[in-house]
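Asks: Build the 3D model from these lines:
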Amino acid sequence: MGAVAQKGPPIKLNPEGKLRELPLPRMLGWLGLLGATGLVEVRESNLVRRLIFEEGQLLLVVSNARDDRFADWLVASGRPPARPSVSASDVLAELGNTPLTGRAAIETGLVAEAEIIGLLREHLLDLLRDLAQRTTAEYKIQPGRIE
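Replies: Sure thing, here's the model as predicted:
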């Protein structure tokens, strides 16, 4: 693929700041355009969310808030489990503080395999929408591959 000619001054992102200075949608757009690889950490009070990028693609959002976990989000959204015999509250109790992967959500019967991609995408968008509203949150961009 050929190089794209850039008109105007080079794109510069402050590596640290507040989301009111560089709103999240704009930041995500620039990181995608630049083909960024690295981590964006967003902090507000005790909440810490990390957005992991590879070559401009947002791969993952992780959070320290229990309510941000996929399983808790599924239960809070009022979605019935894929298998009627499964109790969402029992699954949450079993999980304790461990995260719920897409595969585990399918295996526990919370989600049907055909729905997992859409639900994971919806969960990610909810986390991003929430972050976009947190204009007092601080961000820090850390370039480099995350291992």
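Asks: got the contact list for residue 39?
Replies: For residue 39, the contacting residues are 50-53, 141-142, 144, 146, by Cβ atoms under 8 Å, 6 or more residues apart in numbering. The C-beta positions use only the backbone N, C-alpha and C, and glycine is treated the same way.
Asks: How is it assigned, secondary-structure-wise?
Replies: Per DSSP: H, G, I helix; E, B strand; the rest coil, the local secondary structure of residue 39 is strand.
Asks: Identify the bridge partners of it.
Replies: residue 52, residue 142 (DSSP bridges).
Asks: Go through the contacts of residue 39 and say which is closest to residue 79.
Replies: Of all the contacts of residue 39, residue 79 sits closest to residue 51, with 24.6 Å by Cβ to Cβ.
Asks: hang on, the closest one packs against residue 42?
Replies: Yes. In this structure, residue 51 sits in contact with residue 42. The criterion is Cβ atoms under 8 Å, and the distance is 7.2 Å.
Asks: Counting neighbours, go ahead and name the busier of these two.
Replies: residue 51 (24 against 21; other Cβ atoms under 10 Å).
Asks: residue contacts, the spatially most central residue of the chain?
Replies: For the chain, the residue nearest the mean C-alpha position is residue 61 (2.6 Å; Cα atoms, centre = their mean). Residue 61 sits next to 49-52, 124, 127-128 when contact means Cβ under 8 Å, 6+ apart.
Asks: what about whatever helix or strand it lives in, distance to the chain center?
Replies: When elements are assigned from DSSP states H and E, residue 61 belongs to strand 57-63. The chain centroid and the centroid of strand 57-63 are separated by 4 Å under Cα atoms, centre = their mean, to the nearest Å.
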